[in-house]
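Chemist: Show me the folded form of this:
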Amino acid sequence: MAIPHRGPAVKLTIESTTRVISVNGVPARVWEGTSEAGVPVYLAVTRVSVPEGADQSEFTRELQAHRAPSDAAVLCFPLRMVL
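Modeler: Next up, the predicted model:
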(Lines give C-alpha, C1' and ligand atoms only; values in the text may rest on other atoms or scores of the structure.)
Protein backbone atom coordinates (compact mmCIF):
# COMPACT_ATOMS: atom_id res chain seq x y z
CA MET A 1 0.00 0.00 0.00
CA ALA A 2 1.42 3.34 -1.04
CA ILE A 3 1.54 6.16 1.48
CA PRO A 4 0.36 9.42 -0.08
CA HIS A 5 2.80 12.31 0.08
CA ARG A 6 1.80 15.82 1.03
CA GLY A 7 3.50 17.84 -1.64
CA PRO A 8 5.60 17.64 -4.76
CA ALA A 9 7.76 14.53 -4.92
CA VAL A 10 11.53 14.88 -5.04
CA LYS A 11 13.07 12.70 -7.74
CA LEU A 12 16.72 11.69 -7.58
CA THR A 13 19.01 9.67 -9.79
CA ILE A 14 21.67 8.05 -7.59
CA GLU A 15 24.60 5.62 -7.84
CA SER A 16 26.31 3.70 -5.07
CA THR A 17 29.98 4.31 -4.36
CA THR A 18 32.70 2.26 -2.70
CA ARG A 19 32.77 4.66 0.28
CA VAL A 20 31.28 3.36 3.55
CA ILE A 21 30.86 5.61 6.59
CA SER A 22 29.38 5.24 10.07
CA VAL A 23 26.12 7.02 10.89
CA ASN A 24 25.32 6.76 14.60
CA GLY A 25 27.35 3.56 14.75
CA VAL A 26 25.63 1.99 11.72
CA PRO A 27 27.56 1.35 8.48
CA ALA A 28 26.18 3.44 5.62
CA ARG A 29 27.19 3.38 1.96
CA VAL A 30 27.63 6.79 0.32
CA TRP A 31 25.51 7.23 -2.79
CA GLU A 32 25.72 10.26 -5.04
CA GLY A 33 23.66 11.69 -7.82
CA THR A 34 21.49 14.58 -8.88
CA SER A 35 17.97 15.90 -8.48
CA GLU A 36 15.70 16.34 -11.49
CA ALA A 37 16.90 19.94 -11.64
CA GLY A 38 20.55 18.84 -11.71
CA VAL A 39 21.40 19.70 -8.09
CA PRO A 40 24.17 17.39 -6.78
CA VAL A 41 23.09 15.20 -3.84
CA TYR A 42 24.96 12.86 -1.49
CA LEU A 43 23.24 10.20 0.60
CA ALA A 44 24.37 8.00 3.48
CA VAL A 45 22.26 4.87 2.95
CA THR A 46 21.96 2.32 5.75
CA ARG A 47 19.23 0.13 4.26
CA VAL A 48 17.66 -0.61 0.89
CA SER A 49 14.62 -2.83 0.54
CA VAL A 50 12.70 -4.52 -2.25
CA PRO A 51 9.00 -5.26 -1.64
CA GLU A 52 8.30 -8.69 -0.19
CA GLY A 53 7.42 -11.18 -2.91
CA ALA A 54 9.17 -9.20 -5.66
CA ASP A 55 12.00 -10.80 -7.65
CA GLN A 56 15.11 -9.46 -5.95
CA SER A 57 17.71 -11.27 -8.08
CA GLU A 58 18.38 -8.45 -10.56
CA PHE A 59 18.41 -5.80 -7.85
CA THR A 60 20.80 -7.91 -5.76
CA ARG A 61 23.20 -8.13 -8.74
CA GLU A 62 22.95 -4.38 -9.38
CA LEU A 63 23.55 -3.62 -5.71
CA GLN A 64 26.96 -5.31 -5.92
CA ALA A 65 28.23 -2.70 -8.41
CA HIS A 66 29.93 0.35 -6.91
CA ARG A 67 32.02 3.12 -8.40
CA ALA A 68 34.67 5.25 -6.79
CA PRO A 69 33.18 8.33 -5.13
CA SER A 70 33.76 11.78 -6.59
CA ASP A 71 35.94 14.22 -4.67
CA ALA A 72 32.77 16.09 -3.65
CA ALA A 73 31.23 12.90 -2.21
CA VAL A 74 34.41 12.24 -0.23
CA LEU A 75 34.42 15.78 1.17
CA CYS A 76 30.68 15.80 1.88
CA PHE A 77 30.92 13.58 4.97
CA PRO A 78 33.57 14.22 7.66
CA LEU A 79 36.58 11.89 7.72
CA ARG A 80 35.71 10.79 11.27
CA MET A 81 32.66 9.03 9.80
CA VAL A 82 34.66 6.78 7.45
CA LEU A 83 34.84 3.10 8.38
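
Chemist: Name the SS class of Trp31, please.
Modeler: What DSSP: H, G, I helix; E, B strand; the rest coil gives for Trp31 is strand.

Chemist: Kindly report the same for Phe59.
Modeler: Going by three-state DSSP: Phe59 is helix.

Chemist: tell me the contacts of it?
Modeler: Val50 (CB atoms under 8 Å, 6 or more residues apart in numbering). (Each C-beta comes from the backbone N, C-alpha and C, glycine too.)

Chemist: so how far is Ser35 from it?
Modeler: For Phe59, the distance to Ser35 (CB to CB, to the nearest Å) stands at 23 Å.

Chemist: ok, now Arg67?
Modeler: Taken as CB to CB, the span from Arg67 to Ser35 is 19 Å.

Chemist: Could you do Glu58 as well?
Modeler: Applying CB to CB, the value for Glu58 to Ser35 is 25 Å.

Chemist: Looking at those two, which is more packed in?
Modeler: Remark: of Glu58 and Ser35, Ser35 carries more neighbours, 13 against 10, as counted by other CB atoms under 10 Å.

Chemist: Which strand residues bridge that one?
Modeler: According to DSSP bridges, the partner residues bridging Ser35 are Leu12.

Chemist: pLDDT at it, what is it?
Modeler: pLDDT recorded at Ser35 is 95.

Chemist: Now for the protein, the helix or strand with the poorest mean pLDDT.
Modeler: The helix or strand of the chain with the lowest confidence, counting by mean pLDDT, DSSP states H and E, is helix 57-63 at a mean of 86.

Chemist: And the average pLDDT for the helix or strand following that one is what?
Modeler: Using DSSP states H and E, the helix or strand that follows helix 57-63 in sequence is helix 71-76. Helix 71-76 shows a mean pLDDT of 90.

Chemist: by contact count, what packs against helix 71-76?
Modeler: Counting contacts by 3 or more CB pairs under 8 Å, 6 or more residues apart in numbering; DSSP states H and E, helix 71-76 packs against strand 12-23, strand 26-35, strand 40-45.

Chemist: Quick check: Val45 touching Arg29?
Modeler: Yes - assessed by CB atoms under 8 Å, Val45 is found in contact with Arg29 at 5.3 Å.

Chemist: That'll do, ta.
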